[in-house]
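Participant: The amino acid sequence is not available; the structure is as follows:
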């Protein structure tokens with residue numbers, strides 16, 4: 001479980017803001033917000049979902065910074081009461097709903113900070129998933145770089161050698177004398193290049209980014225949703241605790257994620273499928289060796305770079321005009337006008353007057369009260385080096 005994984009990491013003092021108070025929307029507010037999110041998903045061109053530890057708590061895997069999170073309790077010398085192992089846990093309603101949304105082309109890509117392997121086990125294909133911090137059910141060759149699915153989770157973390165040989169030859173590739181290693185990052189490891197590149201590109205192309213169960217404190221994972229805002233898209237945050245980027249969100253939903261996703265799927269007219277063990281590659285012994293290959297195809301990154309160039313227009317910052325003028329004594333003076341402060345608009349305002357947002361199109365301005373839409377986080381912006389799972393920032397070119 002998460003605490004066992006956390007114990008395997010190197011010592012690290014700054015684990016970010018821990019144990020913030022949880023907030024719950026009222027039933028009516030939650031209903032209205034979920035209807036609005038469903039409408040935005042229907043009208044969006046490219047939806048990207050960012051997932052954190054909060055989506056796996058209903059599977060029995062504790063989060064890290066919640067009131068009963070691994071690191072929150074660690075400060076008190078305690079451990080979480082949850083005892084579900086990675087091997088015993090199964091995908092939640094959120095995992096299975098995301099699988100359905102991927103299958104129906106409503107969601108284009110998922111960017112996950114989780115290492116529990118539940119997205120993989122839900123049946124989501126590799127091409128739709130970036131695993132920024134590794135996967136307990138995946139191993140990687142230190143020579144050819146290929147990744148393969150395991151039938152049981154690794155016992156080690158930190159990219160340690162598993163003392164097994166590369167499986168490339170089994171899938172028709174060239175024999176490789178490399179050794180397999182776990183894919184779980186420790187605090188100082190760089191993020192995997194292909195996963196980070198796809199996460200970067202999809203976040204930029206997206207016109208709607210939805211964050212589920214993450215406080216967005218990690219860098220660069222927590223900043224990826226802001227790329228969507230940079231190119232004019234919307235940002236939705238679904239979490240019980242305040243997050244680092246609440247002030248930049250177009251919509252904040254405070255509620256349990258299983259309840260949120262159930263309401264959203266109902267408004268989309270979709271049923272959440274049940275977990276099917278036969279679709280779980282870690283459990284299906286009939287899957288051939290080629291299907292156990294979990295390596296990201298290089299063609300996927302190339303395709304996304306082409307799409308990025310077509311969709312995203314580089315943002316050019318306006319330079320402040322600098323010019324000369326004469327004072328009364330004829331002395332020339334250089335003058336630079338001050339920047340105008342941006343007006344702080346409430347982007348989404350909704351008043352419950354009996355009308356349902358589901359009848360509105362995506363261009364309609366719907367109105368919540370300021371307190372419901374914007375949650376002022378009890379967050380110190382100086383905590384930029386905190387991370388949900390260990391990772392070091394990579395620069396993507």
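Facilitator: Structure received. This one's a predicted model, so the numbers in the text were calculated from it and none came from an experiment. Numbers count the residues shown, from 1 in each chain.

Participant: Show me where the stretch 1-150 of the chain has its strands.
Facilitator: 47-51, 109-112, 129-131, 138-141, 147-149 (DSSP state E, counting those that start in this stretch).

Participant: mind listing the helices for this protein?
Facilitator: 2-7, 27-43, 70-74, 93-103, 118-122, 193-205, 224-230, 257-267, 298-311, 370-373 (DSSP state H).

Participant: Looking at residue 99 now. What's its pLDDT?
Facilitator: At residue 99, the model reports a pLDDT of 98.

Participant: how about it, what does it touch?
Facilitator: 91, 122, 123, 124, 273 (C-beta atoms under 8 Å, 6 or more residues apart in numbering). The way it works is simple: take the backbone N, C-alpha and C, and place the C-beta from them, glycine included.

Participant: Name the nearest residue to it, sequence neighbours excluded.
Facilitator: residue 122 (4.5 Å; C-beta to C-beta, 6 or more residues apart in numbering).

Participant: same question, residue 195
Facilitator: Of all residues not flanking residue 195 in the chain, residue 130 sits nearest, at 4.2 Å (C-beta to C-beta, 6+ apart).

Participant: rewinding a little: can you tell which of the helices of the chain is closest to residue 187?
Facilitator: helix 2-7 (11.2 Å; C-beta to C-beta).

Participant: picking up where we left off before, do you know how far the residue nearest to residue 99 is from residue 5?
Facilitator: Separation of residue 122 from residue 5 (C-beta to C-beta, to the nearest Å): 20 Å.

Participant: Next: residue 284.
Facilitator: Relative to residue 5, and taking C-beta to C-beta, residue 284 is found at 25 Å.

Participant: Comparing these two, which residue is more hemmed in?
Facilitator: residue 5 (21 against 15; other C-beta atoms under 10 Å).

Participant: Which residue is the nearest non-sequential neighbour of the more buried one?
Facilitator: Counting by C-beta to C-beta, 6+ apart, the nearest residue to residue 5 once its immediate chain neighbours are dropped is residue 157, at 5.9 Å.

Participant: Check residue 158 too.
Facilitator: Distances taken as C-beta to C-beta, 6+ apart put residue 186 closest to residue 158, at 3.9 Å, once the chain neighbours are dropped.

Participant: Could I get the contacting residues of that neighbour?
Facilitator: With C-beta under 8 Å, 6+ apart, residue 186 has these contacts: 9, 10, 157, 158, 159, 390.

Participant: Next, the contact list for residue 149, please.
Facilitator: Counting by C-beta under 8 Å, 6+ apart, residue 149 makes contact with 120, 137, 138, 281, 282, 292, 293, 294.

Participant: Quick check: which ranges of the chain have low pLDDT?
Facilitator: The model of the chain has pLDDT under 70 over residues 1-4, 6-7, 11-15, 19, 71, 73, 83, 170-173, 285-290, 313-397.

Participant: Spatially central residue for it, please.
Facilitator: Residue closest to the average C-alpha location in the chain (C-alpha atoms, centre = their mean): residue 50, at 2.2 Å.

Participant: Residue 213 is in contact with that residue, correct?
Facilitator: No. Contact criterion C-beta atoms under 8 Å: residue 50 and residue 213 do not qualify, at 9.2 Å.

Participant: hmm, back to that, export the strands of the stretch 1-150 of the chain as CSV, with columns for distance to residue 254.
Facilitator: Output for these, formatted as CSV (distance: least, C-beta to C-beta, whole Å):
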stretch, distance to residue 254
strand 47-51, 17
strand 109-112, 21
strand 129-131, 26
strand 138-141, 33
strand 147-149, 36
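
Participant: circling back: what's the local residue count around the residue nearest to residue 99?
Facilitator: Residue 122 - counted by other C-beta under 10 Å - has 24 other residues nearby.

Participant: That one reaches residue 96, doesn't it?
Facilitator: Yes. Between residue 122 and residue 96 there is a contact at 5.7 Å, judged by C-beta under 8 Å.

Participant: Give me the common contacts of the two.
Facilitator: Common neighbours of residue 122 and residue 96 (C-beta under 8 Å, 6+ apart) are residue 275.

Participant: Could you check how far the residue nearest to residue 195 is from residue 224?
Facilitator: Applying C-beta to C-beta to residue 130 and residue 224 gives a distance of 9 Å.

Participant: Spell out which residues are contacts of both of these two.
Facilitator: What both residue 130 and residue 224 touch, as defined by C-beta under 8 Å, 6+ apart, is the set 111, 199.

Participant: more neighbours, those two?
Facilitator: Higher neighbour count among residue 130 and residue 224: residue 130, with 28 against 25, using other C-beta under 10 Å.

Participant: is the more buried one in a bridge, and if so with what?
Facilitator: Using DSSP bridges, the beta-bridge partners of residue 130 come out as residue 111.

Participant: List the residues that contact it.
Facilitator: By C-beta under 8 Å, 6+ apart, the contact set of residue 130 is 109, 110, 111, 112, 195, 196, 198, 199, 202.

Participant: isn't the third one right up against residue 132?
Facilitator: Yes. With contact defined as C-beta under 8 Å, residue 111 reaches residue 132; the gap is 6.8 Å.

Participant: Please enumerate the shared neighbours of these two.
Facilitator: Contacts common to residue 111 and residue 132, judged by C-beta under 8 Å, 6+ apart, are 199, 221.

Participant: Kindly provide the distance from the residue nearest to residue 195 to residue 109.
Facilitator: Distance, residue 130 to residue 109, using C-beta to C-beta: 7 Å.
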